[in-house]
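> take this sequence and fold it.
(one chain, ligands or ions: 1)
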Amino acid sequence: MELLNAIASRRAIRSYKKTSVEDSKIEQILKAGCSAPIGKSLYDHLRITVVQNQEILRSISEGLKANMHVDFDPMYNAPVLILISSKQMPFPNIEFADAGCIMQNMMLEATEQGLGSVVIWGSSMVVNAVPDLKKALLIPDDYTAVSGIVVGYAEEAVEAKELTLSIHVDRI
Ligand SMILES: Cc1cc2nc3c(=O)[nH]c(=O)nc-3n(C[C@H](O)[C@H](O)[C@H](O)COP(=O)(O)O)c2cc1C
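Next up, the predicted model:
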């Protein structure tokens with residue numbers, strides 16, 4: 001898939017089939033994520049956690065549901081959650097930029113693999129708030145979950161985006 005085509009085709013997918021995602025596809029998605037630009041090359045300050053355990057996915061989803069006061073599954077029944085965690089960084093907020101770059105690379109590769117994806121911002125807050133959950137996810141105490149994406153086969157295709165300047169741009 002050509003780059004701009006992949007960028008346009010990556011849409012926030014909010015309905016997933018139960019079908020599990022092939023390990024080979026997850027592997028490629030992880031490689032794309034690990035190839036993202038990382039501030040100061042602090043790779044050892046970051047961790048990626050792939051969650052496919054149904055019970056843990058349900059716990060995170062229930063936590064999100066309670067936080068968001070919603071009745072639907074805020075992870076849209078997706079079979080895979082990929083969380084990014086980080087150690088304390090030497091520069092403020094750099095972990096959020098790192099996570100953004102990693103997540104975008106992973107979502108573009110998911111698109112390339114015929115999969116849907118979406119950022120689930122609050123997933124990290126639920127994980128950080130529940131020590132047993134963090135432990136079950138093997139996230140060490142000195143790491144904090146930053147954000148996550150879900151990945152899976154989309155229930156319905158979503159139209160590609162038109163490549164437009166949807167954000168205000170000044171050219172000086
Ligand atoms: C930082 C960030 C947090 C987001 N959090 C959520 C979320 O928690 N749940 C959700 O359904 N979508 C979430 N999204 C998806 C956006 O709502 C979506 O990307 C936006 O509406 C644009 O649509 P598109 O992705 O189809 O281009 C998030 C996106 C970003 C970049």
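> use CA for all of it now, contacts and neighbours both
Fine.
> so who does residue 60 touch?
Residue 60 sits next to 123, 126-127 when contact means C-alpha atoms under 8 Å, 6 or more residues apart in numbering.
> confirm residue 148 sits in a strand?
Yes: Residue 148 forms part of a strand when assessed by DSSP: H, G, I helix; E, B strand; the rest coil.
> can you give me the distance of the closest residue to it other than its chain neighbours to residue 75?
Nearest residue to residue 148, sequence neighbours excluded (C-alpha to C-alpha, 6 or more residues apart in numbering): residue 83, at 4.1 Å. For residue 83, the distance to residue 75 equals 13 Å [C-alpha to C-alpha, to the nearest Å].
> near the ligand, which residues of the chain?
Contact residues (C-alpha under 6 Å from any ligand atom) of the chain with the ligand: 11-12, 118-122.
> switch the cut-off to 8 Å
Applying C-alpha under 8 Å from any ligand atom, one finds that the chain approaches the ligand through 8, 10-14, 74-75, 100, 118-123, 161.
> most surrounded residue in these?
Counting neighbours by other C-alpha atoms under 10 Å, the top entry in these is residue 75, with 27 neighbours.
> can you confirm it is in a helix?
No: Residue 75 is assigned coil when assessed by three-state DSSP, not a helix.
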